[in-house]
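> make a model of this:
(one chain, ligands or ions: 2)
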Amino acid sequence: MSKKEKKLLWRILIAGVMFTILFPLHLKEVLPEYPELILFLIAYLIIGIDILEKAVRNITRGQVFDENFLMAIATIGAFCLGEYAEGVAVMLFYQVGELFQSYAVSKSRRSIADLMDIRPDYANIMRDGSLVQVDPEEVQIGNIIIVKPGERIPLDGIIEEGSSSLDTAALTGESVPREVGAGENVISGCINQTGRLTIRVSKEFGESTVAKILELVENASDKKSKSENFITRFARYYTPLVVIAAAILAILPPLITGQSFNIWIQRALTFLVISCPCALVISVPLSFFGGIGGASKSGVLVKGSNYLEALANTEIVVFDKTGTLTKGNFVVSEIYSKQMSKQELIRLAAYAEDYSSHPIAMSIKKAFGKNVDNSQIKDTTEVAGQGVRAVINGKIILAGNTRLMKTNHISYDDNTSAGTVVHLAVDGEYAGYIRIEDEIKPDSRQAILDLKAAGIKQTVMLTGDSDAVGKKVAAALNLDKAYTELLPADKVEQLEKLMHQKSQKGMLAFVGDGINDAPVLARTDIGIAMGGLGSDAAIEAADVVIMTDEPSKIATVMKISKKTLRIVRQNIIFALGVKGIVLILGALGFATMWAAVFADVGVSVIAIINAMRALNVKKFNQIHGYVL
Ligand code: ADP
Ligand code: MG
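Ligands and ions are numbered 1, 2, ... in the order given. Predicted coordinates for the structure are as follows:
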């Protein structure tokens, strides 16, 4: 419990004790009028002073009609009518509800805060032969940092020396440690568990994975869902309407019927208390907050309530192939060289791919296994969806697919059997090819099955890879459709066609890794990216980031989304229903202010407890057997 909450709890206890003593005395009419008023007034101020202050402050700011105002006039009205006990009780119960709400919010905030816990405090760098701790923001690209066992990796980089196992749980929700060694990329936010690592920093702190994720989580609650916007608009009109209705209720009936004003003013005040829209105003955003928190617990970052809401209505899911459905971890299975040695062929390819971060480039560099001498490389250009062109030692090297060969009028050996083929040309002459093979991610098949079970109408794959490879993957995974040999622009075009195939309120989600598909990610209703591999473009362009790189998490987050929306609907119907009934009873004089308070606090508390269920996602994670 926070300090503020503890203080409120104390105030509730003190005012509560005073009330329990005063109330029987009041019923037996033991105390004379004025001492009784003063004692009740003290209890009232202890419990309600901040609400009165807030009401006054908001009035001076021009925001008259909020729940503080409703509570203030209802309770002050009660005092004016001589109903001191009611005045205190209403305030007391209202504050119990507030305390409860504040506790609920901080609880769901905490699960998101667990993610926030990834902020590193310092980085160790070598200075004049000794290790010093500096602010991660001071470290520059190319600097060497040391991360000792037990420390958090402060910046993204490449391991120069050492090996260790990394705890990535804070980022991915995955508790299985990741083994890393020299030459491998590490991302900030993970905890180094066993070995001492020497890391060459590859990004400034502001650009690091940690900074990106923190920024994303901090802004998540700014993007409101339709339901939240509805509630805000609703409250803006609703509260003034209620106040006007209450004023009419207090004035008109006594004028018409000749009954005493006191009775009707009391009914009007009761009406005000009941109509306080707190339960709705609180529980809807809280449910979304809980849903986003629950998703983050399962290793999925959702960038706003609007996206969480949209996920529930997804009809078509479109996948990129490389790095999304497949591991993107290509292994060289054949090298064919026309003249030069195989070693020379792969060297040229690795040099040409030096600046590319495409999974194919990474795999070729890994297969080459030696350091690249940058001074020999000039004029590298990456042709998206085709390959690369570079000048190495004065020779023009082309490395890429058949399309790249065709556009450069190079006749190549057609080779359509297993695997992806990277053709190589030197100074316009065909030199040979490197065949590489990727693996389908172990959970891709399950992911497609789960999506079908969740009612997704179409699963589609878009890929820039050859038709042979694309069709093979699509068949293995049982996808509804596969479009192959697409350039990034073709992917956008194909996606737009698919957008026409969904229903009016249906949504289309695109899942990619951000390499050659960032434009598509940005264009869809919901862009989902694989973020664990650390592609910045993806984390930025996407609306939802899957930290574990597992496509099966899409079905998980859809289930979370549906559950959240179900909770929101239940709360809206329940709160409006109960309020409506009590409101009518109150106006007719059947419900007292007591009943009104119970109804209000009761509904709020139940709605909040219901909203908190959105945070509980254990069930969804267990389906796939992940231990969290
Ligand atoms: P996907 O849609 O499967 O993710 P991309 O659009 O990223 O594929 O790439 C499509 C094809 O373009 C690859 O299968 C490969 O043949 C070729 N290609 C793209 N980038 C490179 C590269 N850096 N080196 C070699 N080939 C590449
Ligand atoms: Mg790709």
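
> could you use CA atoms for every contact and neighbour count after this?
Fine.

> what sits closest to the residue in the stretch 201-350 of the chain that ligand 2 sits nearest to if chain neighbours are left out?
Proximity to ligand 2, evaluated over the stretch 201-350 of the chain using CA to the ion, is greatest for Thr322 at 4.8 Å. The shortest distance from Thr322 to any non-neighbouring residue, by CA to CA, 6 or more residues apart in numbering, is to Gly328 (5.2 Å).

> go on, Ala349?
Ala399 (6.4 Å).

> on that earlier part again, okay, now the residue of the stretch 201-350 of the chain closest to ligand 2: neighbour count?
Neighbours of Thr322 under the rule other CA atoms under 10 Å: 25.

> for it, what are its contacts?
328, 359, 463, 513 (CA atoms under 8 Å, 6 or more residues apart in numbering).

> one more time with 10 Å, if that's ok
328-330, 358-360, 438-440, 462-465, 470, 512-513, 515 (CA atoms under 10 Å, 6 or more residues apart in numbering).

> which members of these additionally contact ligand 2?
Restricting the contacts of Thr322 to those near ligand 2 by CA under 5 Å from the ion leaves Ile515.

> among the contacts of Thr322, which ones lie close to ligand 1?
Intersecting these with the contacts of ligand 1 gives 358, 360, 462-465, 515 (criterion: CA under 6 Å from any ligand atom).

> in the stretch 151-300 of the chain, which residue sits closest to ligand 1?
Closest to ligand 1 within the stretch 151-300 of the chain is Asn185: 18.0 Å, counting by CA to the nearest ligand atom.

> name the SS class of Gln339, please.
coil (DSSP: H, G, I helix; E, B strand; the rest coil).

> rewinding a little: so which of the contacts of Thr322 are in helices?
359-360, 470 (DSSP state H).

> give me the phi and psi for Tyr430.
Backbone torsions for Tyr430, taken as degrees, to the nearest 10, come to phi -70, psi 130.

> for it, grab the count of nearby residues.
For Tyr430, using other CA under 10 Å, the count is 20.

> that one is in contact with Met405, isn't it?
Yes - the criterion here is CA atoms under 10 Å, and Tyr430 meets it with Met405 at 8.6 Å.

> can you check which residues contact both of the two?
Counting by CA under 10 Å, 6+ apart, the residues touching both Tyr430 and Met405 are 398, 411-412, 423-424.

> between the ones in helices among the contacts of Thr322, which is nearest Gln266?
Pro359 (72.3 Å; CA to CA).

> which parts of the stretch 251-400 of the chain sit against ligand 1?
So the stretch 251-400 of the chain meets ligand 1 at 320-322, 353, 356, 358, 360-361, 384-388, 399-400 (CA under 6 Å from any ligand atom).

> nearest to Arg569 among the residues you listed?
Of all these, Asp320 has the smallest distance to Arg569: 33.9 Å, by CA to CA.

> got a pLDDT number for the closest one?
At Asp320, the model reports a pLDDT of 91.

> turn the shared contacts of Tyr430 and Met405 into TSV, including neighbour count and secondary structure.
TSV is the format used below for the shared contacts of Tyr430 and Met405 (neighbours: other CA atoms under 10 Å; DSSP: H, G, I helix; E, B strand; the rest coil):
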residue	neighbour count	secondary structure
Leu398	32	strand
Ser411	13	coil
Tyr412	18	coil
His423	26	strand
Leu424	32	strand
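
> picking that back up, so what's the residue count around the residue of the stretch 151-300 of the chain closest to ligand 1?
18.

> quick revisit: part of a helix, is the residue nearest to Ala349?
No - the assignment for Ala399 (three-state DSSP) gives strand, which keeps it out of a helix.

> and it, what does it touch?
Contacts of Ala399 by CA under 10 Å, 6+ apart are 348-350, 352-353, 361, 382-383, 386-390, 405, 421-426, 431-434.

> who does the nearest residue to Leu424 once chain neighbours are set aside bridge with?
What sits nearest to Leu424 in space, not counting adjacent residues and going by CA to CA, 6+ apart, is Ala399, at 4.6 Å. For Ala399, the beta-bridge partners under DSSP bridges are Val388, Leu424.

> who does the residue in the stretch 151-300 of the chain that ligand 2 sits nearest to form a beta bridge with?
Among all residues of the stretch 151-300 of the chain, Asn185 sits closest to ligand 2, at 18.9 Å; criterion: CA to the ion. Using DSSP bridges, the bridge partners assigned to Asn185 are Ile158.

> from Val176, how far off is it?
18 Å (CA to CA, to the nearest Å).

> follow-up on the earlier one: surely the residue of the stretch 151-300 of the chain closest to ligand 2 and Ser202 touch.
Yes - here Asn185 reaches Ser202: they are 9.1 Å apart, a contact under CA under 10 Å.

> hey, what's in contact with both of those two?
With CA under 10 Å, 6+ apart as the test, Asn185 and Ser202 both reach 156-158.

> thinking again about what came up before, which of the ones next to ligand 1 among the contacts of Thr322 lies closest to ligand 2?
Distances from ligand 2 to these, taken by CA to the ion, are shortest for Ile515, at 4.7 Å.

> low pLDDT regions in the stretch 201-350 of the chain?
For the stretch 201-350 of the chain, the stretches with pLDDT under 70 are 216-222, 277-278.

> so which bits of it are right by ligand 2?
Residues of the stretch 201-350 of the chain lying near ligand 2 (CA under 5 Å from the ion): Thr322.

> okay, buried residues for stretch 76-92 please.
Across stretch 76-92, burial judged by 16 or more other CA atoms under 10 Å covers 76-79, 83-92.

> what does the protein have sitting close to ligand 1?
320-322, 353, 356, 358, 360-361, 384-388, 399-401, 422, 462-465, 488, 515-516.

> how about the nearest residue to Leu131, chain neighbours excluded?
Ile125 is the one closest to Leu131 (CA to CA, 6+ apart), at 5.6 Å.

> the one you found sits in which helix or strand?
Assigned by DSSP states H and E, Ile125 belongs to strand 123-127.

> give the pairing partners of that strand; include direction for each.
strand 130-134 (antiparallel), strand 144-147 (antiparallel).
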